[in-house]
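In: model this:
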Amino acid sequence: MDERHPNTTGRSWSPTAPQGERSMTDQAREVAQSARHGLEQASEYLNETVSKTQEMVTRYTDGGVDRVKEDVVEYTRKQPMTALLIATGAGLVLGMLMSVGRRR
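Out: The predicted model follows:
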């Protein structure tokens, strides 16, 4: 075996390798198919997310501030800890932004 390219798989390679072993072309084809499938899934997810976002924007545009308020109250009742953490994070960010403006 060539010392410059050690065999890390424990299998030996020969030009007359058995048909059971996949060729590099087959492996590359499988990787390409897997990547294509992943991109298709990502595209579907992105399309669904854009569609849901458009629906929410339309809903809030039609319902106004009252609709936003209702949704915030409903979410806070369903997920009180998450809502508290979001509000805390938003308060910290706003406080930091306001303090930077005062220091100048």
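In: how far away is the residue most central in space within the chain from residue 36?
Out: In the chain, the C-alpha closest to the average C-alpha coordinate belongs to residue 42, at a distance of 8.4 Å (C-alpha atoms, centre = their mean). Remark: distance between residue 42 and residue 36 (C-beta to C-beta, to the nearest Å) = 11 Å. Where you see a C-beta, it was placed from the backbone N, CA and C, and this is true even at glycine.
In: what's around residue 23, how many residues?
Out: Around residue 23 there are 10 other residues, counting by other C-beta atoms under 10 Å.
In: so what does it have for phi and psi?
Out: With angles defined as degrees, to the nearest 10, residue 23 shows backbone torsions of phi -80, psi 160.
In: tell me the contacts of it?
Out: Listed by C-beta atoms under 8 Å, 6 or more residues apart in numbering, residue 23 has no contact partners.
In: which secondary structure elements does the longest helix seen in the chain contact?
Out: Longest helix in the chain by number of residues (criterion: DSSP state H): helix 24-78. Contact here means 3 or more C-beta pairs under 8 Å, 6 or more residues apart in numbering; DSSP states H and E; on that basis helix 24-78 packs against helix 80-103.
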